[in-house]
Structure formats: C-alpha cells, structure tokens
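A.B. asks: structure for the following, please:
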Amino acid sequence: MYQTLAKLEQSGQPAVLCTITHSQGSTPRRVGSKMLVYPDGRIEGTIGGGQMESWVIAEALAALEEGKPRRLQYSMVDPARGDPGVCGGTLSIFVEPVLPRPALVVAGGGHVGRAVVHLAKWLGFRVALCDDRAEFCTPEAVPGADEYLPCALADLPAQFPINRYTYLVLATRNVQVDVAGLPALLQTEAAYIGVIGSRRRWQTTRKKLLEAGIPPETLDRVVSPMGLEINAETPEEIALSILAEIVMLRRGGDGGRMAARGE
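C.D. replies: Numbering: from 1, shown residues only. A predicted model of the protein is given here:
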C-alpha cells in the first residue's frame, strides 16, 4: 500500500486512503486495515467488503471531489434500519484524499517562460517546460524544471498527465502556436489554461478557434491576458503577476489589498 502511494506521488495522480481507526465488537476488519480508492472507483486492499465497503467507496469519491478528509461511523447491527451489515459491531473509518503536488506546465522557453519556471519551482509546484523548439527546452536554456517536453503543444497531453491539479501557462511566441495547440489542451481537465499577450492577441486567437469549430463556452475556460494587474514590465514581474493569479485561484482568494480590508 505504501509503495503504491509513493508511486502515485511520483506520477502526480490522486487517490483516497481509507483506514479503520476504531473497531468495537464483531466487525469484518480490524483497526489499521486500509483500502485505496482510485478516481475511477477501482480499489486496492479492503476494509471488509459488502455494503459497508460500497458506501465507503462512494464517500471516498465525494471526499476526493471536495479535497477534504472525512470521518465515517457505521453500526453493523440491523439492515432494516439502514445498517450495512449484521456483524454486530461498530466501525470508524478515516477517509483521506491523497492529492498530488500541483503541477504547472509552462509552454514556451522564452524570457517570461524562464521566469515562470523559476518562480513556480520556488513556490513548490511540480514544473514542466514544453517547447517545440528543442534548443529552448533544455536545462541549460531554462534551468529548474522537473521535466522537459520538447514537443508541439498539441502533443502535450500525450506527454504529460494533465488533470484538475494541473495549471497550464502558455507563454508562447505567437497566435499560430496557440491556435494549433489549444484545441487539445481544452479537452483536458486542467485547472487553469492561461495565454500570454494582449486582449487583441487573444481576440484574434479566439476568432480563429471559433472558425475552427471550438464552442464559445469551451473557449471561455481560457484566461487571457493572464495575471493580476500590477503594472508588470520585466519578465520576472510578469511571472509574479501570473503566479499570483494562480495562487489566488487555487487558494480561493480575491486579489484585494490586505491593507484595504476591515478588521
């Protein structure tokens, strides 16, 4: 079980660990018994099987969606009143989402992309760099990334697991790159898809994607221009603006000034 958890951490995949923390009387499993629930409902291990285990799997998937642990208690006495068994005992089960470290994929190894990689790594993200120009996608050109993906933007989903814990920052060089790559990215569960540039650049990109048949509600997922308004000028300041927005969204902030708030 712990080896599996370590592999999940390395691959950036979520799951839910369910552990019996209290057992009294006759129960199918004892304290310490564990079951791992995957996002698709598959399990590894068991906490006793039967109706009770089915209920716990459903609770685990709900906890994963919410991102918060929960404690469950079951009496196994009388199915007629809704108990999941007739063993006669009681159980407490701790349901704990095992969430991956958030991943940030930077598309584009230019000045801004390099600064975003550096700051995102410092903030604790698992960082990957993608660029179809191989010479821009190396540790020598852009130090600090955990992974380097020298591929076209459209091929990124096949090269890197993109899920709802993944943030995509497109610090790309032109509209053509965005138009070619965004359709594939919009089919993923990415938590954030941001595109660098002016409002005019995004309007041009959006128009071309609409003409290609991408629904407007799908394009509404894209954040462009990216970042909080801090009048950023240098690549490092732009990176700060972008990461500040991502942290704000991830933590549920609103971007307001702390000094302007009341007590």
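
A.B. asks: next up, the contacts around Glu59.
C.D. replies: Applying C-beta atoms under 8 Å, 6 or more residues apart in numbering to Glu59 gives the contacts 70, 72, 95. The way it works is simple: take the backbone N, C-alpha and C, and place the C-beta from them, glycine included.

A.B. asks: oh, I was asking about Pro97
C.D. replies: Pro97 neighbours (C-beta under 8 Å, 6+ apart): 14-16, 63-64, 66-69.

A.B. asks: and it, how far from Gly67?
C.D. replies: Distance, Pro97 to Gly67, by C-beta to C-beta, to the nearest Å: 6 Å.

A.B. asks: what of Cys151?
C.D. replies: 30 Å.

A.B. asks: the two: which is more packed in?
C.D. replies: Using other C-beta atoms under 10 Å as the criterion, Cys151 and Gly67 rank with Cys151 on top: 16 against 11.

A.B. asks: now that one. Nearest residue, chain neighbours left out?
C.D. replies: Spatially, and ignoring its direct neighbours in sequence, Cys151 is nearest to Gln159 (5.5 Å; C-beta to C-beta, 6 or more residues apart in numbering).

A.B. asks: that neighbour touches Pro150, doesn't it?
C.D. replies: No - because the distance of 9.3 Å does not satisfy C-beta atoms under 8 Å, Gln159 is recorded as not touching Pro150.

A.B. asks: tell me if Ala145 really is in a helix.
C.D. replies: No - applying DSSP: H, G, I helix; E, B strand; the rest coil, one finds Ala145 to be coil, outside a helix.

A.B. asks: in contact with it, which residues?
C.D. replies: 106, 117, 121, 127-129, 139.

A.B. asks: adding neighbour count, write those residues out as TSV.
C.D. replies: Formatted as TSV, the contacts of Ala145 follow (neighbours: other C-beta atoms under 10 Å):
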residue	neighbour count
Val106	31
Val117	26
Lys121	16
Val127	25
Ala128	25
Leu129	28
Pro139	10
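
A.B. asks: and the closest residue to Val223 other than its chain neighbours, what element?
C.D. replies: With C-beta to C-beta, 6+ apart as the measure, Gly194 is the residue that lies nearest to Val223, at 4.3 Å, once sequence neighbours are left out. Element membership of Gly194, judged by DSSP states H and E, is strand 192-195.

A.B. asks: picking that back up, quick check on the contacts of Pro97: which are buried?
C.D. replies: For the contacts of Pro97, a neighbour count by 16 or more other C-beta atoms under 10 Å gives the buried set as 14-16, 63-64.

A.B. asks: so which helix or strand takes in Ser92?
C.D. replies: Going by DSSP H and E, Ser92 is part of strand 90-98.

A.B. asks: partners of that strand in the sheet?
C.D. replies: strand 15-24 (antiparallel), strand 70-75 (antiparallel) (DSSP bridges).

A.B. asks: got the CA coordinates for the first one in CSV?
C.D. replies: Extracted as CSV, the C-alpha positions of strand 15-24 are listed here (Å, rounded to 0.1, in the frame of the first residue of the first chain):
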residue,chain,number,x,y,z
ALA,A,15,-6.4,8.7,-4.7
VAL,A,16,-8.2,8.3,-1.4
LEU,A,17,-6.8,6.3,1.6
CYS,A,18,-9.5,4.8,3.8
THR,A,19,-8.3,3.5,7.2
ILE,A,20,-10.3,1.8,10.0
THR,A,21,-9.4,3.9,13.1
HIS,A,22,-11.8,2.3,15.6
SER,A,23,-13.4,-1.1,15.8
GLN,A,24,-15.7,-2.5,18.6
